[in-house]
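> What follows is a predicted protein model with its sequence.
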Amino acid sequence: MSFNGKSDFYLSLERDVNNDSLVWAGSLGGVVCVNYYSKETTFLKSFKGHKVNRMKSLPENKLLINSEDSGLFILNTISGVSRRFKDDLGKGIQAKTITTGEDNTIYLSATDGKIYRLVLNSDEVKFLTQTPDSAGVNYLFIKKEMMLAGKEDGLYLYNMRTKNWLGLNHMFGGSFKSGVYPANYSSPVNGKMAFLTSNGICIVSDEVLATQPYYPQFRIDSVFYAGIRADSLQQILDIKYDEAIDFYFSSYSSNFRSTAKIQYRTSDEISWIDLDDSRHLLLSGLSLGSHTIQFRVSADGLNWKEAGDKRTINVSLPWYLSYTFYAYFFIFMAVLVFTIYKRRVAIIRKEEAAKTKIAMQQAEQEMKVLRAQMNPHFIFNALNSIHNCILQKDTLTAANSLTKFSRLVRKILDNSLHSTISLEAELATLELYIQIEQLRFNTQFEYSITVDPAIDPASTMVPPLILQPFVENSIWHGLMPSEKKGSIMVEVSRMRDQLHFTISDNGIGREKAAQLKANSENKHTSHGIAITIERLNMYNQSMNNSNSFIIIDLYNERYEPAGTKVEFDLVV
């Protein structure tokens, strides 16, 4: 059969209680009304595209329709007006089961396990209860105040008067442990109800509705502590603080040994704790004092009864809480603190001596650097250049050179009085030196000094004169012998808690500079670089960090020497 222009599978059929000639059919594509006699079909446009899996015809031309997409609706079959049912939170109700009670009251089971009663006169749903695990109900049968519910994990009974759930699986030898579905949708036949389960078709009498909670009997079989078996009837048990205690249990009723559940709690706890299937309880780590342990049993895990078999466990005082222990402990701690103090003082003195030694070495190195930087060659060459400018009557250049030279001497002398200076002062001194060298060599090279914007040069402290020896080496040995326009780049960046310095030039490279020096009559060896590297090592060592210093030879695309790069880090 097809309707609405396409074939579909029917999910539910319901005969109209108001008109015997009409049959309502729900499918994957909506709802259709079929006239049983004329075969005329009418498709409800308002439910087009809905997956209708359950329907229930009601008096007064009303029809309950459950859609897997949108939930539960009540439809007036005359006016065509429908209304969606919602729960107390305003969320749509998705019906899993629709059942009629003895007084023609409609009961609904939602997919979240909530069960409602439909009030026909007001078309309202009232919440009754919810399944213990919030799982949906596949089968629902109501008689008087009792409600029989079949779920995926078995058969359950709900008392609408006491509002208590009762599990029935233990009564039927496990027949209903999984997947309970109705084998017929009518009332019990001859007091019998048929169910489809994973074990086949099961027949149950409606007398099951009168079932009352059953509580299996419980007893403590044996008790062990400190490897010794105690009297199982002994009510008060005395153990030491480091001992564990074992309880073993059983049930008198053989029918319930596989399904009975046992829980326990001590006087220190509020909630009950489940025991595993071994029926064994091991208690350890109990605090000092007296503890009462209680037990309770259940046949279905829903209804519990406290067992009268309680035990009191007294945990005695441990040895480490005695007055003797406290006395020895305080003596030991006093000796330990004194020993640690003496050792700490010795370490501090040793560290101070090491720092003093390093400081003295640094002061000595500072003087070496000052003497190395202010060498006679530099002073002679600078003054000679100024003298030549005066002879050539280039008084402006001579005055500029003399001013820069005097400022450089002043800065070097001032900086030598301090172990650290600001990066700003260090770069200013370096720039004065480079400018004087430019004047001496008629600006045969250019330079650039770049500082990372994340660095504040005014507040960042560095040892004085750590860059000038490397720049001087680049000018004299890298740029001056070169025939091309020279260039020096000085870059300062930050790497975590360290400053990273890079000095690079486009000179002739170290290998060719060494060859020129070997062929030169001047065999003088400069110690400025070696002294500066030693200063860097000592400074970083005083800051508990190792120094990283590297010289890189630069090459062009033809693998010809294209300059030299120096990189090193400094802790700040």
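Perfect, I can see it now.
> nearest spatial neighbour of Gly26, skipping sequence neighbours?
In space, and not counting its chain neighbours, Gly26 is closest to Val52: 3.0 Å by CB to CB, 6 or more residues apart in numbering. Just so you know, the C-beta spots here come from the backbone N, C-alpha and C atoms, and that holds for glycine as well.
> just the strands in the stretch 201-350 of the chain please.
Here the stretch 201-350 of the chain has its strands, by DSSP state E, counting those that start in this stretch, at 219-225, 228-230, 236-239, 245-250, 261-266, 273-274, 280-283, 289-298, 305-315.
> if we compare these, which one ends up closest to Leu128?
strand 289-298 (23.4 Å; CB to CB).
> Neighbouring strands of that closest one in the sheet, and parallel or not?
Paired with strand 289-298 in the same sheet, following DSSP bridges, are strand 261-266 (antiparallel), strand 305-315 (antiparallel).
> Run the angle between the longest one and strand 219-225 for me.
Orientation of strand 305-315 against strand 219-225 (axes from the mean of the first three to the mean of the last three CA atoms, to 10 degrees) gives an angle of 20 degrees.
> Then the first one?
If you take the same axes, to 10 degrees, strand 261-266 sits at 50 degrees to strand 219-225.
> Give the buried residues for strand 261-266.
Residues of strand 261-266 classed as buried by neighbour count (16 or more other CB atoms under 10 Å): Lys261, Ile262, Gln263, Tyr264.
> So which residues make contact with it?
218, 249, 271-275, 279, 281, 283, 286, 291-299, 301, 304 (CB atoms under 8 Å, 6 or more residues apart in numbering).
> Also the longest one?
When contacts are defined by CB under 8 Å, 6+ apart, strand 305-315 is touched by residues 215, 218-220, 223, 235-241, 245, 247, 283, 286-298.
> Pull out the buried residues from it.
By neighbour count with 16+ other CB under 10 Å, strand 305-315 contains the buried residues Ala307, Arg311, Ile313, Val315.
> And the contacts of strand 305-315, which of them are buried?
When the contacts of strand 305-315 are checked for burial by 16+ other CB under 10 Å, the buried set is 215, 218, 220, 223, 237, 239, 245, 247, 283, 286, 291, 293-298.
> what's near enough to touch the closest residue to Thr420 other than its chain neighbours?
Using CB to CB, 6+ apart and skipping the chain neighbours, the partner closest in space to Thr420 is Met461 (4.2 Å). For Met461, the contact set (CB under 8 Å, 6+ apart) comprises Thr420, Ile421, Ser422, Leu423, Val572.
> for Leu302, same thing?
The contact partners of Leu302, by CB under 8 Å, 6+ apart, come to Pro132, Tyr156, Asn164, Trp165, Leu166, Gly167.
> can we see that at 6 Å?
Neighbour list for Leu302: Pro132, Trp165, Gly167 [criterion: CB atoms under 6 Å, 6 or more residues apart in numbering].
> Got the phi and psi for the nearest residue to Thr77 once chain neighbours are set aside?
Once flanking residues are discounted, Thr77 sits nearest to Asn61: 4.8 Å by CB to CB, 6+ apart. For Asn61, the backbone dihedrals (degrees, to the nearest 10) come out as phi 60, psi 50.
> In this structure, which residue sits furthest out from the middle?
Distance from the C-alpha centroid of the chain, by CA atoms, centre = their mean, peaks at Leu391 (78.4 Å).
> For Ala562, see how far away that one is.
Leu391 is 38 Å from Ala562, where distance means CB to CB, to the nearest Å.
> one step back: ok, the buried residues of strand 261-266 vs Asp231, which is closest?
Tyr264 (19.6 Å).
> Need the pLDDT of the closest one.
Looking at Tyr264, its pLDDT reads 90.
> Numbering from 19 from now on, please.
Sure thing, new numbering starts at 19, so read that last one as Tyr282.
> Check the spacing between it and Phe242 real quick.
In terms of CB to CB, Tyr282 sits 16 Å off from Phe242.
> Repeat that for Asp432.
86 Å.
> And for Ile263?
Using CB to CB, Ile263 is found at 7 Å from Phe242.
> Quick test: name the residue nearest the centre of the chain.
Central residue of the chain (CA atoms, centre = their mean): Arg514, at 26.3 Å.
> List the contacts of that residue.
Taking CB under 6 Å, 6+ apart, we find Arg514 in contact with no residue.
> where do the helices sit along the protein?
341-391, 394-409, 413-433, 441-458, 486-491, 528-537, 546-560 (DSSP state H).
> Check what contacts the fifth one and list those residues.
By CB under 6 Å, 6+ apart, the surrounding residues in contact with helix 486-491 are Leu448, Tyr451, Ile521, Gly546, Ile547, Thr550, Val584.
> Make a PyMOL selection of the buried ones in the residues you listed.
Remark: buried members of the contacts of helix 486-491, expressed as a PyMOL selection using 16+ other CB under 10 Å:
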select buried, resi 448+451+521+546+550+584
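> Taking the contacts of helix 486-491 together, which two end up most distant?
Maximum pairwise distance in these, criterion CB to CB, is 16.1 Å, between Tyr451 and Val584.
> pLDDT weak spots in the stretch 119-268 of the chain?
Low-confidence segments of the stretch 119-268 of the chain, defined by pLDDT under 70: 140-141, 191-193, 195, 202-208.
> Go again with 80.
120-122, 137-142, 187-197, 200-210, 214, 216-218, 235-236, 244-245, 250-251, 268 (pLDDT under 80).
> wait, what's in contact with Ile473?
Here Ile473 is in contact with Arg512 (CB under 6 Å, 6+ apart).
> Please report phi then psi for it.
The phi/psi pair for Ile473 (degrees, to the nearest 10) is phi -100, psi 140.
> Would you quantify the distance from it to Glu509?
11 Å.
> Pull the number of nearby residues for the closest residue to Lys161 other than its chain neighbours.
Leaving aside its sequence neighbours, Lys161 sits nearest to Leu227 (CB to CB, 6+ apart; 5.5 Å). Applying other CB atoms under 10 Å, we find 19 other residues in the vicinity of Leu227.
> isn't Leu227 right next to Met164, touching?
Yes. With contacts counted by CB atoms under 6 Å, Leu227 reaches Met164, the gap being 4.2 Å.
> OK, contacts around Leu178?
Rather than Leu, residue 178 is Met. Contacts of Met178 (CB under 6 Å, 6+ apart): Glu163.
> Next up, the contacts around Asn574.
Here Asn574 is in contact with Ala580 (CB under 6 Å, 6+ apart).
> Kindly check the end-to-end length of stretch 171-189 for me.
With CA to CA, to the nearest Å as the measure, the ends of stretch 171-189 fall 14 Å from one another.
> Same check on stretch 461-478?
Using CA to CA, the two ends of stretch 461-478 sit 31 Å apart.
> Could I get the buried residue list for that stretch?
Gln462, Phe463, Tyr465, Ile467, Val469, Pro475, Thr478.
> How about the contacts made by the third one?
If I follow you right, that is Tyr465. Ile452, Ile506.
> Against Ser505, how distant is it?
For Tyr465, the distance to Ser505 - CB to CB - is 7 Å.
> Please apply the same query to the fourth one.
According to CB to CB, Ile467 and Ser505 sit 12 Å apart.
> what residues are up against Tyr451?
Counted by CB under 6 Å, 6+ apart, Tyr451 has contacts Leu426, Gln486.
> and Ala261, what is it in contact with?
In this structure residue 261 is Glu, not Ala. Tyr243, Ala244.
> could the contacts of helix 486-491 go into JSON lines alongside pLDDT and distance to Lys114?
Shown next, in JSON lines, are the contacts of helix 486-491 (pLDDT from 0 to 100; distance: CB to CB, whole Å):
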{"residue": "Leu448", "pLDDT": "88", "distance to Lys114": "84"}
{"residue": "Tyr451", "pLDDT": "85", "distance to Lys114": "90"}
{"residue": "Ile521", "pLDDT": "94", "distance to Lys114": "80"}
{"residue": "Gly546", "pLDDT": "64", "distance to Lys114": "90"}
{"residue": "Ile547", "pLDDT": "74", "distance to Lys114": "87"}
{"residue": "Thr550", "pLDDT": "74", "distance to Lys114": "85"}
{"residue": "Val584", "pLDDT": "93", "distance to Lys114": "79"}
